[in-house]
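Novice: sequence first, then the predicted structure, then my questions.
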Amino acid sequence: MKNAIRPLVNSRIRAMEPTDFAFIRALAAEIPNFTVPSEFLLWFFSRFHPDYCRVIDQEPGGLKAYLLAMPTSHPPNGLAIWQVAAAESDHAFALEYFAAYLRDLVERSCLTSLSFSMPNNPVSLRLIRSLANKFGNCEIAKLDTVPVGQGEVEFRLSIRLQNRLKD
């Protein structure tokens, strides 16, 4: 039997703070193909995009995961997800927790799309379909290969207004 998703008791998603930067940089350094963000970039994200740059904090136990994203002007009312990362033991739960957070954020902010890059493989495609299901089977578009990526492709989830009205 596969390991069940282990819930993080006493966990919460909160805005990133300067004291979180060392955790984010250390975790990014462990993940192949991730860029380790500078402290200035993390400060910039936390200062100007606090709703889109979050951490999962567990009491006791500290930080478990982070999300770095920013709004887009092309397409308008979109959100570009740059990095989502979690400690290996908390990975599945963190993805589910952030997906729920993103759904709430989409509804509150009237966002119409989520853009991100991922490797073009069956595991990534299953993850994308799972995320799309959180938004009511929204349209999934596979866009271009990321020019500086290591085999990554840009994907966009287009979220239709009627999906928000159903819930």
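Specialist: Arrived safely, thanks for sending.
Novice: so which other helices or strands are in contact with the helix or strand hosting residue 80?
Specialist: Using DSSP states H and E, residue 80 falls within strand 78-86. Contact here means 3 or more Cβ pairs under 8 Å, 6 or more residues apart in numbering; DSSP states H and E; on that basis strand 78-86 packs against helix 21-30, strand 62-72, helix 91-109, strand 113-119. Any C-beta I mention is one placed from the backbone N, CA and C, and that applies to glycine too.
Novice: switch the cut-off to 10 Å
Specialist: Contacts defined by 3 or more Cβ pairs under 10 Å, 6 or more residues apart in numbering; DSSP states H and E place strand 78-86 against helix 21-30, strand 62-72, helix 91-109, strand 113-119, strand 152-158.
Novice: got a markdown table for those, with mean pLDDT, distance to residue 37 and mean neighbour count too?
Specialist: Below are those laid out as a markdown table (pLDDT from 0 to 100; distance: least, Cβ to Cβ, whole Å; neighbours: other Cβ atoms under 10 Å):
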| stretch | mean pLDDT | distance to residue 37 | mean neighbour count |
| --- | --- | --- | --- |
| helix 21-30 | 96 | 6 | 16 |
| strand 62-72 | 92 | 7 | 20 |
| helix 91-109 | 84 | 17 | 17 |
| strand 113-119 | 86 | 16 | 19 |
| strand 152-158 | 88 | 17 | 19 |
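Novice: so can I have JSON lines of these showing distance to residue 50?
Specialist: Shown next, in JSON lines, are these (distance: least, Cβ to Cβ, whole Å):
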{"stretch": "helix 21-30", "distance to residue 50": "14"}
{"stretch": "strand 62-72", "distance to residue 50": "11"}
{"stretch": "helix 91-109", "distance to residue 50": "12"}
{"stretch": "strand 113-119", "distance to residue 50": "18"}
{"stretch": "strand 152-158", "distance to residue 50": "22"}
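Novice: ok, which of those comes nearest residue 133?
Specialist: helix 91-109 (9.3 Å; Cβ to Cβ).
Novice: who does the closest one touch, helix- and strand-wise?
Specialist: For helix 91-109, the packing partners by 3+ Cβ pairs under 10 Å, 6+ apart come out as strand 11-15, strand 54-58, strand 62-72, strand 78-86, strand 113-119, helix 122-134, helix 161-166.
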